[in-house]
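Asker: I'll drop the sequence and a predicted model, then ask my questions.
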Amino acid sequence: MSANLKSPRFTIAVIFLFAVSIFGPAPAQAWELNSENSRTGLITSAAQFWVEGYGPIAPKDFFFDNFENDLYWASLSFYCERKSLTAYIYLSQIGSGHEDLRLDDPGYISVTFNGSSSKRYRTYGTGMTGMIAIKKDAKAFAQTMLNKKTMSTTLRIRYGKRIPIKFNVADLAKAKTRFKYAGCSI
């Protein structure tokens, strides 16, 4: 056995790398992916979450952590049904007893990718409070995210304040096959 393998520095380095790989922080980039069969065919969705004061949150942390009341939270999701792709952005508040948030929807949303490149997408009301949809440009929106790490925008509550949100959109490419099977290629 070589002298390097017996040295205390080598042993400490191996133990440190092993501990970091096991106990290191988990990235918040995992998408919550779902697929189901329905009367209308295969439905596929992918979702990301953001919480005020915490930033992008992994789905498992969003569903199982206890956050303080009154914080804003948002979700970004892609939904494929009947071979039609739609992107939804939803904003709400944690806790009960809040009024419904009505988003000011000027007909488009400006988003910034990786903190520098900005694009605008046409939005549509959904009839649900706190939610806007990107229908016509959903495929272009998703394709732009495929090689990006972050997506940020500012949502404006009607007659209220602006809420800046930021999602970690890395690894959307891992959902491409799932969406393709549902009839929505991205």
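Answerer: Sure, I can see it.

Asker: CA only for contacts and neighbour counts going forward, please
Answerer: Will do.

Asker: quickly find the element holding the spatially most central residue of the chain.
Answerer: Residue closest to the average C-alpha location in the chain (Cα atoms, centre = their mean): residue 48, at 2.3 Å. If you go by DSSP states H and E, residue 48 is part of strand 41-51.

Asker: mind listing the strands the following helix or strand past that strand pairs with, and their directions?
Answerer: The element immediately downstream of strand 41-51 (helix or strand, assigned by DSSP H and E) is strand 55-57. According to DSSP bridges, strand 55-57 forms sheet pairs with strand 41-51 (antiparallel).

Asker: CA atoms only: put the strand holding residue 48 into CSV for me.
Answerer: C-alpha atoms of strand 41-51 as CSV (Å, rounded to 0.1, in the frame of the first residue of the first chain):
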residue,chain,number,x,y,z
GLY,A,41,-56.2,11.1,-21.6
LEU,A,42,-52.9,11.4,-19.9
ILE,A,43,-52.4,14.5,-17.7
THR,A,44,-48.9,15.6,-16.7
SER,A,45,-47.8,18.4,-14.5
ALA,A,46,-44.5,19.9,-13.1
ALA,A,47,-44.5,22.4,-10.2
GLN,A,48,-42.0,24.6,-8.3
PHE,A,49,-42.5,26.6,-5.1
TRP,A,50,-41.3,29.9,-3.6
VAL,A,51,-41.9,31.2,0.0
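
Asker: the least confident helix or strand in the chain by mean pLDDT: what's the following helix or strand?
Answerer: Counting by mean pLDDT, DSSP states H and E, the chain has its least confident helix or strand at helix 8-23, which shows a mean of 40. Following helix 8-23 in sequence order, the next helix or strand is strand 32-38 (DSSP H and E).

Asker: which elements pack onto that next one?
Answerer: The elements that strand 32-38 packs onto, with contact taken as 3 or more Cα pairs under 8 Å, 6 or more residues apart in numbering; DSSP states H and E, are strand 41-51.

Asker: could I get the buried residue list for the strand it packs on?
Answerer: 42, 43, 44, 45, 46, 47, 48, 49, 50, 51 (16 or more other Cα atoms under 10 Å).

Asker: and stretch 68-75, by the same measure?
Answerer: Neighbour count says stretch 68-75 has 72, 73, 74, 75 buried, by 16+ other Cα under 10 Å.

Asker: and if you look at stretch 46-65?
Answerer: Result for stretch 46-65 [16+ other Cα under 10 Å]: buried residues 46-52, 55-59, 62.

Asker: tell me which two in those are the farthest apart.
Answerer: Across these, no pair lies farther apart than 46 and 52, at 20.8 Å, counting by Cα to Cα.
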